[in-house]
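*Asks:* Below is the structure, and that's it, no one-letter string:
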Ligand code: 5RP
């Protein structure tokens, strides 16, 4: 049966002062990759929040970039700070996208969408020459699946879509707001958060199964998109990792 619940408080991420510093470190390092003339993609989330803050400062000191963002939240923050935006419907290509992640494995496969912006994030990353992921150390995993896998679904006939997902052996909950109403993405869709009782053995296969269901718009699996990750550590260290496919 469909399990409609609000995520328990204990499952929500608790801000940790040191981890916030780690996110900020990674975000500030990412800004050093920006160059005049670039069209940049801006992701969504608490790590990207720090990136936007740093971006605003660099723009105020003369950096000339234009931006596209993956969410109304990020757009509002960047616009308020004076960042110049390009119309997404008038461009074919982005130079560099900076985004966070919920999890990233050694092959740089990711789970994203904790902030509900996975569809636009994937579109931006997919049309970018480069994607740099910024993260605190807790996002590094050997195997994906500790976090929920967000799946964006159409509200139309959402119960049948969820039934279809469940029949494939996946279990999850419809994401809800504090007041119990369904969480609505910027694209006016729902998010179904899938829980894996064990870690994810076959992410690529799971993605194909899910995306083949009519009503599923996109999954939070991101493959072959990021080639660089900047990791901030609780102790103040910062590390850059590059992925070279074999
Ligand atoms: C939003 C995302 C975020 O990048 C992801 O949830 C990580 O967020 P945070 O930086 O707050 O941990 O995918 O849809």
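*Replies:* Cool, got the structure. In this text the structure is predicted, and so the values were computed from the model without any measurement. Numbers count the residues shown, from 1 in each chain.
*Asks:* Show me how the protein divides into domains.
*Replies:* The record's domain split for the chain, according to automatic domain parsing, is 17-138+223-233, 149-220.
*Asks:* Could you see whether the ligand lies near the shortest one?
*Replies:* No. Judged by C-beta under 6 Å from any ligand atom, domain 149-220 stays clear of the ligand, getting no closer than 7.1 Å. In this view, the C-beta of every residue, glycine as well, is placed from N, C-alpha and C.
*Asks:* what does the longest strand anywhere in the chain contact?
*Replies:* Identified as the longest strand of the chain according to DSSP state E is strand 128-136. Residues from elsewhere that reach strand 128-136 (C-beta atoms under 8 Å, 6 or more residues apart in numbering): 19, 22-23, 26-27, 29-30, 33, 41, 47-48, 51, 93-101, 104, 108, 110, 125, 225-234.
*Asks:* how far out from the middle of the chain is it?
*Replies:* The chain centroid and the centroid of strand 128-136 are separated by 10 Å, computed with C-alpha atoms, centre = their mean, to the nearest Å.
*Asks:* Tell me the helix or strand right after it.
*Replies:* Next along the chain after strand 128-136, taking DSSP states H and E as the criterion, comes strand 149-153.
*Asks:* what sits up against stretch 53-65?
*Replies:* Here stretch 53-65 makes contact (C-beta under 8 Å, 6+ apart) with 27-28, 30-31, 34-40, 42, 67, 77-78, 81-84.
*Asks:* Now the buried members of the residues you listed.
*Replies:* Buried subset of the contacts of stretch 53-65 (neighbour count, 16 or more other C-beta atoms under 10 Å): 27-28, 30-31, 34, 38-40, 42, 67, 77-78, 83.
*Asks:* From those, which land in strands?
*Replies:* When the buried ones among the contacts of stretch 53-65 are checked against strands (DSSP E), the matches are 39, 40, 42, 67.
*Asks:* Hmm, residue 102 is touching residue 114, no?
*Replies:* Yes. Shown here, residue 102 and residue 114 form a contact pair, counting by C-beta atoms under 8 Å, at 4.5 Å.
*Asks:* okay, the two: which has more neighbours?
*Replies:* Taking neighbours as other C-beta atoms under 10 Å, residue 102 and residue 114 compare with residue 102 leading, 25 against 22.
*Asks:* Could you look over the domains of the chain and pick the most buried one?
*Replies:* Mean neighbour counts were compared across these using mean count of other C-beta atoms under 10 Å; the top stretch is domain 17-138+223-233, at a mean of 20.
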